[in-house]
Structures are given as structure tokens and as C-alpha cells.
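Student: sequence? don't have it. structure:
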């Protein structure tokens, strides 16, 4: 897959389009940190697989603003058995290349708020703007 800037300039993989995991510790317990570069449709699958293995998602953001296709970078950390952490990471990156487009759920609009439920939670009537 190739990536381009909005003006058509190619973006080489050497410009930080990398995925990695780094370990520090011993064979019984280690800290793992890393970064996954992915397409938008891969985000949920990667996060779900990492979280299922006890990983914490630290950040999800983009490094560029006009690339096509859109790239996102997820930073994570976890601690535990290096073998288990590595297996979880493998499961998460197996999602890469198999993502889906996010469905359009409907027209955006003003959300409906349950003013009575909010009043009960906060102990006062919420201010609602038209």
C-alpha cells in the first residue's frame, strides 16, 4: 500500500509508519510498550485485542493531517508474562490489513438529553440550549 499527501507527494514508510513493541524485564515479568500504525477501519479490532490481554491504551492520534489513506497511531503499555504479552500483541496486529470501513450510523444532529435523569444525578436542573 502506498500513502500520499493531499498534494499527491508520496509518503515513504521510513517517515515513521512503523509498528513495534519493546520489552524490559525478565522471563517472568516484563513491561511492554509500543506503537501501532493503522488505518481507521483497523482501530477497533486492534484496541479490542490489546485490551482483552490487559494492555492499556495510552493514546490514539494521527501524525499527519492530509495523508490518504488516513493513518492513526496507537500507543500502549502492559506488564506481565512476556510470552503472554507477545501473544496478545500478535493477535492485535493480525487485525492489520483486515479492517473494515466504519458504517455511517445516521445523520449527525443534536443529541436528545434526558433532563430528568441528569437532574437526579447532579441534584439540579440542567441548562438546555436550543
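Tutor: Looks like it came in fine. Computed from a predicted model, the values in this text were never measured in an experiment. Numbering: from 1, shown residues only.

Student: For the longest helix anywhere in the chain, which helices and strands make contact with it?
Tutor: Longest helix in the chain, counting residues (DSSP state H): helix 82-93. With contacts defined as 3 or more C-beta pairs under 8 Å, 6 or more residues apart in numbering; DSSP states H and E, the packing partners of helix 82-93 are strand 20-25, strand 30-39, helix 43-52, strand 71-80. Any C-beta I mention is one placed from the backbone N, CA and C, and that applies to glycine too.

Student: Which one of the ones you listed lies nearest to residue 10?
Tutor: When the helices and strands packed on helix 82-93 are compared by C-beta to C-beta, strand 71-80 sits nearest residue 10, at 13.7 Å.

Student: Packing partners of the closest one?
Tutor: Short answer (3+ C-beta pairs under 8 Å, 6+ apart): strand 71-80 packs on strand 30-39, helix 43-52, strand 56-61, helix 82-93.

Student: how does it look with 10 Å?
Tutor: In terms of contacts (3 or more C-beta pairs under 10 Å, 6 or more residues apart in numbering; DSSP states H and E), strand 71-80 is packed against strand 20-25, strand 30-39, helix 43-52, strand 56-61, helix 82-93.
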